[in-house]
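Asker: how would this look folded up:
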Amino acid sequence: MSSTLVMRITPKPTKNGWHFKQPIKGMFARRFYDHDGSLGGGVFTLTSDHLDWIDGVIAAGRFDDKDAKDLEAIAKAIRNGETVDMWFEA
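Answerer: Got it, this is the predicted structure:
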């Protein structure tokens, strides 16, 4: 069974959010859940403390346009004082 890494600005419930498959799912899973993205995990909140790492992923990654724009939007939201929740959905 495959899963998707989901992220959404918190604490605002909304249908809008970001959804990632590999390789981004694996990168965030290794950093924040200590696995390769295949095991899932509970809600984790990204804050400004994580912004340098996220910026590094953006700078180093070669992602498709949608994923790159979504990662930039997440970083922008955090720079603007928001937090972003992430979790896995099957």
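
Asker: which residues of the protein score low on pLDDT?
Answerer: 1, 12-15 (pLDDT under 70).

Asker: Show me where it has its helices.
Answerer: Using DSSP state H, the helices of the chain run over 24-33, 51-60, 65-79.

Asker: contacting residues for the closest residue to residue 75 other than its chain neighbours?
Answerer: Nearest residue to residue 75, sequence neighbours excluded (C-beta to C-beta, 6 or more residues apart in numbering): residue 54, at 5.2 Å. C-beta: built from backbone N, CA, C; applies to glycine. Contacts for residue 54 were tallied using C-beta atoms under 8 Å, 6 or more residues apart in numbering; they are 46, 71, 74, 75, 78.

Asker: re the thing from before, what's the most buried one of the helices of the chain?
Answerer: Mean neighbour count (mean count of other C-beta atoms under 10 Å) peaks for helix 24-33 among those, with a mean of 19.

Asker: for the helices of the chain, which one sits closest to residue 4?
Answerer: Minimum separation from residue 4 across the helices of the chain (C-beta to C-beta) falls at helix 24-33, 7.0 Å.

Asker: Packing partners of that closest one?
Answerer: strand 4-10, helix 51-60, strand 83-89 (3 or more C-beta pairs under 8 Å, 6 or more residues apart in numbering; DSSP states H and E).

Asker: Would you convert those into JSON lines that also reports distance to residue 19?
Answerer: JSON lines is the format used below for the helices and strands packed on helix 24-33 (distance: least, C-beta to C-beta, whole Å):
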{"stretch": "strand 4-10", "distance to residue 19": "5"}
{"stretch": "helix 51-60", "distance to residue 19": "16"}
{"stretch": "strand 83-89", "distance to residue 19": "8"}
